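Asker: Kindly return the folded structure for what I paste below:
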Amino acid sequence: MISKAVDDLREGKPVLVYDFDDREAETDIVYAAEKVDHDDIARLRNDAGGLICTAIHPEAAERLGLPFIADVLEDNPLVEEAGDLGYDSRSSFSLWVNHKSNYTGITDKDRAKTARKLSEAVGSSVSESASVSEESPSIEEEFRTPGHMAVLRADEDLLEGRQGQTEMSVKLVDEAGLTPAAVICEMLDDETGEALSKEDAKRYADENGLTFVEGRQLVEVADAES
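Answerer: Okay, here's the model as predicted:
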């Protein structure tokens, strides 16, 4: 199933990723950021309905200077603390950005462009020619914050450090040999007001010819590679 998901991402198709019954119990629609267009953002708005984010590899986040927002706001009394979240020890939110060519930044075209440009920046930062000692790509020349695309920073040890949708989506696009940046959005249920159930998410996948994978399958791949 993972190999099918990887093939789909290479073709620009979305993949559905469910985390775990004892975590968020949520399914995200996942696209490779480098291939996302405005129709894909529209699908995330209409068929998923959660928060549209771009998850990036931790090495790229470090080189691009994209911190965890909780670290930036550590002196603010509103910032999350250990134990605040019921599903994990911390969130993976970094900054919210717009590409500087955006007008408002919220339209489907604007958000697709921000995601693709983030993917380009990530790709440049983790290319074989780059090294930690080299000057980081100048992200401030292309992006501004605040914006309308939430950037998620994966754990430095990926799935060994945290098994969230951020790490799973980055792992999946990395397995596909694509730039390790993914556009993700949670699937919500209009009728219950909750996250879409795993069964309904599977049904959506079947009806739309999409691949459905679970976190345990990605963890198995990561364990086999370690």
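Asker: Show the contacting residues for residue 164.
Answerer: Residue 164 sits next to 19, 23-24, 88, 92, 155 when contact means CB atoms under 8 Å, 6 or more residues apart in numbering. For glycine as for every other residue, the C-beta is placed from the backbone atoms N, C-alpha and C.
Asker: okay, these in CSV with neighbour count and pLDDT next?
Answerer: Shown next, in CSV, are the contacts of residue 164 (neighbours: other CB atoms under 10 Å; pLDDT from 0 to 100):
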residue, neighbour count, pLDDT
19, 23, 95
23, 15, 93
24, 19, 93
88, 16, 85
92, 25, 95
155, 18, 95
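Asker: In TSV, list those along with distance to residue 182 and secondary structure.
Answerer: Shown next, in TSV, are these (distance: CB to CB, whole Å; DSSP: H, G, I helix; E, B strand; the rest coil):
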residue	distance to residue 182	secondary structure
19	14	coil
23	18	coil
24	16	coil
88	18	coil
92	12	coil
155	14	coil
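Asker: of all those, which two lie farthest apart?
Answerer: Distances among these were taken as CB to CB; the most separated pair is 24 and 155, at 15.5 Å.
Asker: show me what contacts the residue nearest in space to the middle of the chain?
Answerer: Among the residues of the chain, the one closest to the centroid is residue 55, at 2.8 Å (CA atoms, centre = their mean). Applying CB under 8 Å, 6+ apart to residue 55 gives the contacts 92, 151-154, 165-167, 169-170, 181-184.
Asker: 10 Å instead, please
Answerer: Residue 55 sits next to 28, 30, 33, 61, 92, 94, 118, 150-154, 164-173, 180-184 when contact means CB atoms under 10 Å, 6 or more residues apart in numbering.
Asker: what do you get for residue 47?
Answerer: 14, 29, 185, 187-188, 196, 204, 208.
Asker: sorry, back to before: quick one: what helix or strand has the residue nearest to the centre of the chain in it?
Answerer: According to DSSP states H and E, residue 55 maps onto strand 53-56.
Asker: from the chain's centre, how far out does the next helix or strand after that strand sit?
Answerer: Downstream of strand 53-56, the first helix or strand assigned by DSSP H and E is helix 58-64. Distance, stretch centre to chain centre, for helix 58-64: 14 Å (CA atoms, centre = their mean, to the nearest Å).
Asker: Quick one: list the elements packing against helix 58-64.
Answerer: Under the contact criterion of 3 or more CB pairs under 10 Å, 6 or more residues apart in numbering; DSSP states H and E, helix 58-64 touches strand 93-99, helix 108-125, strand 143-153, helix 165-175.
Asker: one more time with 8 Å, if that's ok
Answerer: Here helix 58-64 touches helix 108-125, strand 143-153, going by 3 or more CB pairs under 8 Å, 6 or more residues apart in numbering; DSSP states H and E.
Asker: any idea how far the closest residue to residue 149 other than its chain neighbours lies from residue 125?
Answerer: Counting by CB to CB, 6 or more residues apart in numbering, residue 149 lies nearest to residue 114, which is 4.4 Å off, once chain neighbours are set aside. Distance, residue 114 to residue 125, by CB to CB, to the nearest Å: 16 Å.
Asker: Likewise for residue 117?
Answerer: Using CB to CB, one gets 13 Å for the distance from residue 117 to residue 125.
Asker: circling back: export the contacts of residue 47 as CSV, with columns for neighbour count and pLDDT.
Answerer: Below are the contacts of residue 47 laid out as CSV (neighbours: other CB under 10 Å; pLDDT from 0 to 100):
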residue, neighbour count, pLDDT
14, 27, 98
29, 26, 98
185, 23, 98
187, 22, 98
188, 17, 98
196, 26, 98
204, 18, 98
208, 12, 98
